[in-house]
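Need a 3D model of the following:
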Amino acid sequence: MFSDPEKNVPYFGLREGARVADFGAGSGAYTLAMAARVGNSGMVYAVEVQKELLDRLANEAKSRRVTNIKYLWGDVDKLGGSKLQDASVDAVLVANILFQSEQKYSMFLEAKRILKADGKLIVIDWSDSFSNLGPNTEKIIKPDQVKEIATQAGFEFQENFPAGEHHYGLIFAKIKELKS
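Here you go, the predicted model:
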């Protein structure tokens, strides 16, 4: 993976009691690290399209006695695909899945839909293709492309963070809707 959840999660600014969605939770390394960060009063929603990965994550969490994770079988590339309610989470993590997504803009719209007014979108992805580690070069999504898509979807870039030797980390704020 080369991006260390234990080192990266502190950059997310998560507080005790926060509600966080992990889009494309996969094996759950970030899910578990965020669950520890938000504590028992918080909740992490592990959203994954591959049911067997969710089952594996649920077994791992159970063996570690982690009880603040909800497992959602969903497709984050679609609006409504996370199965979470509007404005229900404080942060959405999109880690190492952009290169696989055909619908990046829709994914960011889904993140925006479920984020509270002051919510954050956190993106971690591969900075390059490293001798067949990670995605093929043509699948790499550069940080400037992510910033452009996020801006179009209603986010404002806030900051970069060091996400590992082969990854970049970006944090965006949801742009507040103007009342008419």
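
Only C-alpha atoms from now on, for both contacts and neighbour counts.
Fine.

Which residues does stretch 102-116 contact?
For stretch 102-116, the surrounding residues in contact (Cα atoms under 8 Å, 6 or more residues apart in numbering) are 76-82, 84-92, 98, 121, 149-150, 152-155, 174.

likewise stretch 160-179?
Residues from elsewhere that reach stretch 160-179 (Cα under 8 Å, 6+ apart): 2-4, 7-8, 11-12, 112, 115, 117-128, 130, 143, 150, 154-159.

Give me the next element, helix or strand, following the lengthiest strand in the chain.
The residue-count maximum for a strand in the chain (DSSP state E) belongs to strand 115-126. Downstream of strand 115-126, the first helix or strand assigned by DSSP states H and E is helix 143-152.

residues in contact with that next one?
Applying Cα under 8 Å, 6+ apart, the contact partners of helix 143-152 are Lys104, Tyr105, Phe108, Ser127, Glu156, Phe157, Tyr168, Leu170, Phe172.

Then stretch 68-84?
Where contact means Cα under 8 Å, 6+ apart, the residues beyond stretch 68-84 that reach it are 23-24, 31, 35, 39-51, 54, 58, 101-104, 106-107, 109-110, 114.

ok, now which ones touch Ala25?
Ala25 touches Thr31, Ala46, Val47, Glu48, Leu54, Ala95, counting by Cα under 8 Å, 6+ apart.

In strands only, show me these.
The strands, defined by DSSP E, take in Ala46, Val47, Glu48, Ala95 from these.

Any idea what the residue lying closest to Ala163 once chain neighbours are set aside is bridged to?
Spatially, and ignoring its direct neighbours in sequence, Ala163 is nearest to Gly169 (5.1 Å; Cα to Cα, 6 or more residues apart in numbering). Taking DSSP bridges, one obtains Ile124, Phe161 as the residues bridged to Gly169.

Can you give me the distance of Gly169 to Leu79?
Distance of Gly169 to Leu79, given as Cα to Cα, to the nearest Å: 24 Å.

ok, now Gln158?
24 Å.

Neighbour count for the two, which is higher?
Leu79 (18 against 11; other Cα atoms under 10 Å).

Pretty sure the more buried one sits in a helix.
No: secondary structure of Leu79 (DSSP: H, G, I helix; E, B strand; the rest coil): coil, not part of a helix.

Kindly give the local confidence score, pLDDT, for it.
If you check Leu79, the pLDDT there is 93.

Could you do the one 10 residues further on as well?
With respect to pLDDT, Val89 has a value of 98.

Hmm, Val20 and it touching each other?
Yes: taking contacts as Cα atoms under 8 Å, Val89 lies within contact range of Val20: 5.5 Å.

When those two are compared, which one has more neighbours?
Using other Cα under 10 Å as the criterion, Val89 and Val20 rank with Val20 on top: 28 against 25.

list the helices and strands whatever helix or strand that one lives in packs on?
Following DSSP H and E, one finds Val20 within strand 19-23. Helices and strands touching strand 19-23, as assessed by 3 or more Cα pairs under 8 Å, 6 or more residues apart in numbering; DSSP states H and E, comprise helix 29-38, strand 43-48, strand 89-95.
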